[in-house]
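Engineer: here you go, sequence then predicted model.
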Amino acid sequence: MPAPFPVTGLRDFYAFEQHVKTCRGHRGLDMVPQWYQVPVFYFSNPVAIIGDGDPVRAPHGSEALDYELELACVVGTAARDLPADDSAMECLAGFTIMNDWSARDIQRAEMAVGLGPSKSKDFATSLGPALIPFADLRDRYRSGRLHLEMTATVNGKTYSRGSAGSMYWTWPQILAHASRDTELRPGDVIGSGTVGTGCILELTPEAVGGWLKPGDAVELEIERLGTLRNTVVERPQ
């Protein structure tokens, strides 16, 4: 089924320190000091949005398909130059679950150039199963973060477990940065980035038995938001 709302734009941030530090550590790298200075993001492809229950295929030439467990907000009211405080949240229609599917072998080649991910990301992004209004989540909102438990399973086995409350950057900071000198429009999706432990890259394929393969059922669950399910299928010949 399609995403539960029309998507006009897609930005994905990098807001969880544990994920960033662990993935860099796997490559023998320290944290980049600039990561603590600005909440960075990249643009992805709104044309490639899929919904709950839709099949997903690795892109052409990839043998290293990965999931990413993320929380995403959706803009409901146009906004520009938002302040980095709680008033920024008033522009939101709500929150949903996001799976930022990634082709890690393609991504390694792209990131070596230094411009950012593109074809390793723009083949599929799952959203759903529902859009939950921010008003329904206010009781879990503290210090700019939603304190919701997050899990990912593959074929019924738990791979990832974390909390959306562990974000280093807050949602108001993210919204302020995304809207600086530009307009956020209704239907714009803004991802949190991957929660700590929230992908095979971070866990390592050796630890979990390899990258995703056809037949694998991936379920991302975020407390109060539901469960987003997709199954990996073969690419058509």
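Structural biologist: Received, thanks. Numbering: from 1, shown residues only.
Engineer: middle-most residue in this protein, spatially?
Structural biologist: Taking Cα atoms, centre = their mean, the centroid of the chain lies closest to Glu70, which sits 3.7 Å from it.
Engineer: so how far does stretch 126-141 reach from one end to the other?
Structural biologist: By Cα to Cα, to the nearest Å, the extent of stretch 126-141 from end to end equals 24 Å.
Engineer: now do it: everything it contacts.
Structural biologist: 1, 3-5, 7, 49-52, 54, 56, 72-74, 89, 92-99, 101, 146-148, 189, 220, 223-230 (Cβ atoms under 8 Å, 6 or more residues apart in numbering). C-beta coordinates here come from the backbone N, C-alpha and C atoms, glycine included.
Engineer: how about stretch 75-91?
Structural biologist: 92-94, 134, 141, 144, 170-173, 175-177, 179-190.
Engineer: may I have the helix or strand bottoming out on mean pLDDT in the chain as PDB, with CA atoms only?
Structural biologist: When each helix and strand of the chain is scored by mean pLDDT, DSSP states H and E, helix 104-113 comes last, with a mean of 94. Only the C-alpha atoms of helix 104-113 are listed here, as PDB (Å, rounded to 0.1, in the frame of the first residue of the first chain):
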ATOM      1  CA  ARG A 104      26.000  -0.600   1.600                       C
ATOM      2  CA  ASP A 105      28.300  -1.700  -1.200                       C
ATOM      3  CA  ILE A 106      27.100   1.100  -3.500                       C
ATOM      4  CA  GLN A 107      27.200   3.500  -0.500                       C
ATOM      5  CA  ARG A 108      30.900   2.800   0.200                       C
ATOM      6  CA  ALA A 109      31.900   3.800  -3.300                       C
ATOM      7  CA  GLU A 110      29.700   6.900  -3.200                       C
ATOM      8  CA  MET A 111      30.900   8.100   0.200                       C
ATOM      9  CA  ALA A 112      34.600   7.700  -0.800                       C
ATOM     10  CA  VAL A 113      34.100  10.700  -3.100                       C
END
